[in-house]
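Enquirer: quick one, fold the following:
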Amino acid sequence: MSQSDSMFERRRYDRVVLTLRGRYMLADGQEFDCQIIDISPIGVAIRGPLVGDLGERVVAYVQELGRIEGVVVRRAVDWFAVELRVPSSRLRKLATRIEGVAKRQAAGAPERRGQERVDLDQERATLRLSDGREFAAGLIDVSTEGAALEVEVAPPLGAVVRVGERRAHVSRHFAGGIAVTFDPDAAGQSFDEIEAARARAARC
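Expert: Prediction:
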C-alpha cells in the first residue's frame, strides 16, 4: 500500500461514542484507570485523573479492544485525545472490532470479557495436553485471566492443558479454536502482569 493509499485509508474512519473502561500508562510509567469517551482506529479520547502532555506517548489497555498506543494531540482539564499508531494492515481489523462493540452496547448486550486482552495477531505457542501430547497453536489474544487460541485439535471442554508454561482448562470452543481459562494464580490487571501473561503463554 502506498503512502497516499494509507492516508486515504486512515481518513475513512469516523469516531464512535463508546463507554469502555481501560487503563493507560504515560511516558513516565505512571498508570491510571480511565474511561474511553470515543474511539476510531486512528484516534481515541480518554478521560482520566492525569492528562498527558502534548506529544507524549500513551499506551492503554481498553476493555474488549485490547492494547492501543499513540501520542497526545489534544488535552483538556480531565481528558485528552490520542492519535493512534496503528499499522495500516490492522486498521480494518480494529474498525471491525469497534463496530462490533458499538452494536453490542446499542443492543444492551453484556460485554464479552472481564479483563483487558493483548491482541497478538497469531503469535505462535504450544498447547500441551495432560497426556503429554503437544500441538502448535496460534495465540489470538491473551489476558491474565485466559487466552483464545487457533488450534487444529480441540480438547474437550474442561480438559486440563498448558499454554506455554501456563496451566489452564478449556472453557469454550469456537470455529477453528478454543478459549482457555488460566489457573487463578495470575489475578491482576497491571501492565506488567498482562505483558507477563503474554510472554509466559507464548513461551514454548
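Enquirer: dig out what the residue sitting nearest the centre point of the chain forms beta bridges with.
Expert: The residue lying closest to the centre of the chain (CA atoms, centre = their mean) is Gly66, at 1.7 Å. Here Gly66 sits in beta bridges with Val62, as judged by DSSP bridges.
Enquirer: same thing with Tyr24?
Expert: In beta-bridge terms (that is, DSSP bridges), Tyr24 pairs with Phe32, Ala60.
Enquirer: also Arg74?
Expert: If you apply DSSP bridges, the partners that Arg74 bridges to are Ala81.
Enquirer: tell me the spacing between it and Glu83.
Expert: 9 Å (CB to CB, to the nearest Å). Glycine gets a C-beta too; all of them are placed from N, C-alpha and C.
Enquirer: for Ile46, give me phi and psi.
Expert: Main-chain torsions, Ile46, degrees, to the nearest 10: phi -120, psi 130.
Enquirer: contacts only, for it.
Expert: Residues in contact with Ile46 (CB atoms under 8 Å, 6 or more residues apart in numbering) are Gly22, Tyr24, Cys34, Gln35, Ile36, Ile37, Val58, Ala60, Trp79, Phe80, Ala81, Val82.
Enquirer: is it possible to get CSV of those that adds distance to Gln105, neighbour count and pLDDT?
Expert: Shown next, in CSV, are the contacts of Ile46 (distance: CB to CB, whole Å; neighbours: other CB atoms under 10 Å; pLDDT from 0 to 100):
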residue, distance to Gln105, neighbour count, pLDDT
Gly22, 15, 25, 82
Tyr24, 20, 25, 88
Cys34, 17, 23, 90
Gln35, 13, 16, 92
Ile36, 11, 25, 92
Ile37, 13, 17, 92
Val58, 23, 23, 94
Ala60, 18, 25, 86
Trp79, 19, 15, 95
Phe80, 23, 25, 97
Ala81, 21, 18, 96
Val82, 21, 26, 96
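Enquirer: any chance of a markdown table for those residues, columns distance to Ala147?
Expert: Output for the contacts of Ile46, formatted as a markdown table (distance: CB to CB, whole Å):
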| residue | distance to Ala147 |
| --- | --- |
| Gly22 | 20 |
| Tyr24 | 23 |
| Cys34 | 24 |
| Gln35 | 26 |
| Ile36 | 23 |
| Ile37 | 29 |
| Val58 | 25 |
| Ala60 | 20 |
| Trp79 | 32 |
| Phe80 | 31 |
| Ala81 | 32 |
| Val82 | 27 |
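Enquirer: from these, pick the one nearest His169.
Expert: Gly22 (27.7 Å; CB to CB).
Enquirer: how about the closest one: what's its closest non-neighbour residue?
Expert: Among residues not flanking Gly22 along the chain, Val62 sits closest, at 4.1 Å (CB to CB, 6 or more residues apart in numbering).
Enquirer: enumerate every residue touching that neighbour.
Expert: By CB under 8 Å, 6+ apart, the neighbours of Val62 are Leu20, Arg21, Gly22, Ile36, Ile39, Val44, Ile68, Glu116.
Enquirer: again, only this time at 6 Å
Expert: When the contact criterion is CB atoms under 6 Å, 6 or more residues apart in numbering, the partners of Val62 are Leu20, Gly22, Ile36.
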